[in-house]
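J.: Sequence plus the predicted model coming up.
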Amino acid sequence: EVQLVESGGGLVQAGGSLRLSCVASGFTFDDYAIGWFRQAPGKGREGVSSISNLDGYPYYTDSVKGRFFISRDNAKNTVYLQMNNLKPEDTAVYYCAAGPIAVLTPPEVKYWGQGTQVTISS
C-alpha cells in the first residue's frame, strides 16, 4: 500500500518556524520527485516546493523563497520542509506529493498524502 504520511503541522505565531516531515512507503522513493502543496480555505491547491530525485535540486514558489527549505533523506524515505519566518498567509493544509518530474503540478502528482494543518497567528 502506497502511503505518504505528513507530520509537523501546528499553530505558531507569525515569525515562528515549523518543520514538516513526509515519510513515504509502498513505492520506490528514489524514483520520484517529492513536493509540498498547500490549500487554504476557499482557494485552490498551490505548489509550494519540490525536490528532484535525480540531483536533489530544490524548487520553490516565489512567495516562500528564502523562508522555506526542502530536503530529502533517501535512506529514510523522508522529505522535510523547513519553514521559517512564517506569515499568516502561510496558513493552509500542507500536502506531500510524489510524481515523476521535479516541478510538480497537481495533474502530475501520482501519490498524495492526507495533509497536515499549519496555522499562523498574527
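T.: Cool, the structure landed. Numbering: from 1, shown residues only.

J.: Show me what the helix or strand harbouring residue 19 pairs with in its sheet, parallel or antiparallel.
T.: Residue 19 belongs to strand 18-25 when assigned by DSSP states H and E. Next to strand 18-25 in the sheet, as set by DSSP bridges, lie strand 3-7 (antiparallel), strand 78-83 (antiparallel).

J.: burial measure for residue 44, as a count.
T.: The burial metric for residue 44, expressed as a neighbour count using other Cβ atoms under 10 Å, is 8. C-beta: built from backbone N, CA, C; applies to glycine.

J.: Quick check: bridge partners of the closest residue in space to residue 40 that isn't next to it in sequence?
T.: Of all residues beyond its chain neighbours, the one nearest residue 40 is residue 92 (4.2 Å), with distances taken as Cβ to Cβ, 6 or more residues apart in numbering. When bridges are assigned using DSSP bridges, the partners listed for residue 92 are residue 118.

J.: any idea how far residue 25 is from residue 92?
T.: Note on residue 92: its distance to residue 25, by Cβ to Cβ, to the nearest Å, is 25 Å.

J.: Thought residue 42 was touching the residue nearest to residue 40, still the case?
T.: No - under the criterion of Cβ atoms under 8 Å, residue 92 is not in contact with residue 42, lying 10.8 Å apart.

J.: out of these two, which sits in the busier spot?
T.: Shown here are residue 92 and residue 42; by other Cβ under 10 Å, residue 92 has more neighbours (22 against 5).
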